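A.B. asks: Sequence plus the predicted model coming up.
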Amino acid sequence: MRIGVIGSRGQLGADLCLNSSPSDKVVRLDRPDFEFDNPEHLTKIDDLSLDVLINSAAYNDVDKAEDEIDLAFRLNAQAPSRIAAYCQKKGIRFITFSTDYVFGEFGKNIPQHPLLEEDEALPISVYGVSKWAGERMVLNRNPDALVIRTCGLYGHHRGSHLKKNFVDLMLQLGKGDQALRVVSDQIVTPTSTWELSVNTLKLIQCSPKGGLYHMTNEGQCSWFEFAQAIFQLKGLTPDLRPVSQKEYGAKARRPSYSVLSKEKVGKYGISFQPWKSALSQYLETSSL
């Protein structure tokens, strides 16, 4: 199978390339040779004879998106939908990634179960709306596409232009003397890009029906609990303090609960390990 990977120098894209089968031919599609938001660059795919095209590129600066609205929508909605339509025309299976941030504020009625693909999306940030729009536009133009929602990604491979993931940032800050304020009222599931990439490739092999799929590690925690686990596993004891989202004061609003159900991918025999086990494996090989 010939697999194209857009954004192969990022955390997820790099792991997708590393975890592909030895029998597969992986084609890396990255800037400046391939600009995924440039319509003229789509013709560069014509001679690659791809069976599958995976898009791991996106605009993901949640707070900055509140000001860079046009850019967020261009990269998260317009570009993926254009590529999806191209793949539909060429007979290439298209896969792209979305986010738990398509869900919104539940107030006092926080769900008692992980969110299903069919649950209503009510994004409350520009970033979340841009990703939700991307989901709808991709599947409208290419019903056979796979749109994979995930959450809290961290991985070893980061392009020089990318900011640190949460784990690496905590490890860096945890060695200093300053008090660390981490949000305690946002419930998520941190997810290893290594495990996500392995299971994404497994899902493709299953030839599933097009549509939305949730894929994260198992379990749930607040960002504060995630930070606690990072420091405990590394034997660090920084001054770590819980704060509410309101107290933290980030520019963009986040969903208070965005744990995703994996029931749908489970029907294809795909399973994830608990988030803390995946974190432990990551830290064992971390250079920080």
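C.D. replies: Perfect, I can see it now. What you see is a predicted model, and the numbers here were worked out from it, not measured in a lab.

A.B. asks: Phi first, then psi, for the spatially closest residue to residue 144 that is not a sequence neighbour.
C.D. replies: Nearest residue to residue 144 in three dimensions, chain neighbours excluded: residue 210, at 4.0 Å (C-beta to C-beta, 6 or more residues apart in numbering). From N, CA and C alone the C-beta is placed, and that goes for glycine too. Dihedral pair for residue 210: phi -60, psi 150, per degrees, to the nearest 10.

A.B. asks: so who does residue 210 touch?
C.D. replies: For residue 210, the contacting residues are 139, 142-146, by C-beta atoms under 8 Å, 6 or more residues apart in numbering.

A.B. asks: Please report which of those residues has the highest neighbour count.
C.D. replies: Counting neighbours by other C-beta atoms under 10 Å, residue 145 comes out on top of the contacts of residue 210 with 27 neighbours.

A.B. asks: what separates that one from residue 264, distance-wise?
C.D. replies: 15 Å (C-beta to C-beta, to the nearest Å).

A.B. asks: just checking, what's the longest strand in the protein?
C.D. replies: When the chain is scanned for its longest strand (criterion: DSSP state E), the result is strand 93-99.

A.B. asks: quick one: the helix or strand just after it to chain centroid distance?
C.D. replies: Proceeding C-terminally, strand 93-99 gives way to helix 126-141 as the next helix or strand, assigned by DSSP states H and E. In terms of C-alpha atoms, centre = their mean, to the nearest Å, the centre of helix 126-141 is found 14 Å from the chain centre.

A.B. asks: tell me the average confidence for the next helix or strand after helix 126-141?
C.D. replies: Going down the chain from helix 126-141, the next helix or strand is strand 146-150, by DSSP H and E. For strand 146-150, mean pLDDT is 98.

A.B. asks: average pLDDT for the longest strand of the chain?
C.D. replies: Here strand 93-99 scores 98 as its mean pLDDT.

A.B. asks: Just want the angle from that strand to helix 126-141.
C.D. replies: Orientation of strand 93-99 against helix 126-141 (axes from the mean of the first three to the mean of the last three C-alpha atoms, to 10 degrees) gives an angle of 160 degrees.

A.B. asks: what helices or strands is strand 93-99 leaning on?
C.D. replies: strand 52-55, helix 79-90, helix 126-141, strand 146-150, helix 193-205 (3 or more C-beta pairs under 8 Å, 6 or more residues apart in numbering; DSSP states H and E).

A.B. asks: try 6 Å
C.D. replies: If contacts are counted by 3 or more C-beta pairs under 6 Å, 6 or more residues apart in numbering; DSSP states H and E, strand 93-99 sits against strand 52-55, helix 79-90, helix 126-141, strand 146-150.
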